[in-house]
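Engineer: Sequence first, predicted coordinates after that:
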Amino acid sequence: MRMSKSLRLESITCVRGDRTLFEELNLEIKPGSILRISGDNGSGKSSLLRILCGLLTPHAGKVFWGSDPITEDRDQFHGELIYLGHIPALKADFSAIENLMSLALLGGQSISNEEAMNALREAGLDRQAHRFIRTLSQGQKQRIALSRLLLPQPKSIWILDEPFNALDRDANRALQNLLINHVNRGGIVALSSHQDLQIDDNARVIRLEL
């Protein structure tokens, strides 16, 4: 997976209510790079990530995928990305494997039961595969959502809102390695986090403080 397109913000301004969160933001995320966003609660981290993936329209400015605005062909752009919000989008009355297969399908990935099981196994969740989400811990729920990153035919752009929340040390380290491997293959990652991370020393990281 080698990409030639960058993800670019041009003069982005975000206003929520009567408050300007950030304005005239210009930024380019090249293939093989990680954008790491930090800042206080309410500073606009989640809003910026949602703008990046086209889920939130900025007050001013545009987001470009290569030379084209992402609004020009939303379906094609969304087919290239995975977005994981800060709260795992899981259904309480579905099992772990049902949730993973459902999330993949919503993202345009048709996967087999075996492929879903392999992803859960790699995340250390094979024993929880058939348990209802409501019976699992917050850390297990987070790892199920993140298992989408382990599926075959990976998307090139990963946009992750506080992906390290509720993860133990081993899961934290495994996720960092996964992110590093993704950008080393030419992928793009944009994430928010307040933690000290190894990726700062092992990948091309763009730091943005809001």
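Structural biologist: Sure, I can see it.
Engineer: what's the distance between the longest helix belonging to the chain and the middle of its chain?
Structural biologist: Secondary structure of the chain per DSSP state H: the longest helix is helix 169-184. Distance of helix 169-184 from its chain centroid, counting by CA atoms, centre = their mean, to the nearest Å, is 13 Å.
Engineer: How about residues contacting that helix?
Structural biologist: With CB atoms under 8 Å, 6 or more residues apart in numbering as the test, helix 169-184 has contacts from 32-34, 123-124, 139, 142-143, 146, 149-150, 154, 158, 163-164, 167, 189, 191, 195, 197-199, 202-204. Backbone N, C-alpha and C define where each C-beta goes, glycine included.
Engineer: Looking at that helix now, give me its mean pLDDT.
Structural biologist: For helix 169-184, mean pLDDT rounds to 95.
Engineer: Stretch 13-24 too?
Structural biologist: 95.
Engineer: State the distance from Gly32 to Ala145.
Structural biologist: 24 Å (CB to CB, to the nearest Å).
Engineer: domain parsing for the chain?
Structural biologist: As assigned by automatic domain parsing, the chain contains the domains 1-80+155-210, 90-154.
Engineer: Please enumerate the helices of the chain.
Structural biologist: Listed in chain order, the helices found in the chain under DSSP H are 45-52, 74-78, 96-106, 113-122, 138-146, 169-184, 199-202.
Engineer: Return the set of buried residues in the helix or strand of the chain with the lowest mean pLDDT.
Structural biologist: None of the helices or strands of the chain scores lower by mean pLDDT, DSSP states H and E than helix 199-202, at a mean of 80. Across helix 199-202, burial judged by 16 or more other CB atoms under 10 Å covers Ile199.
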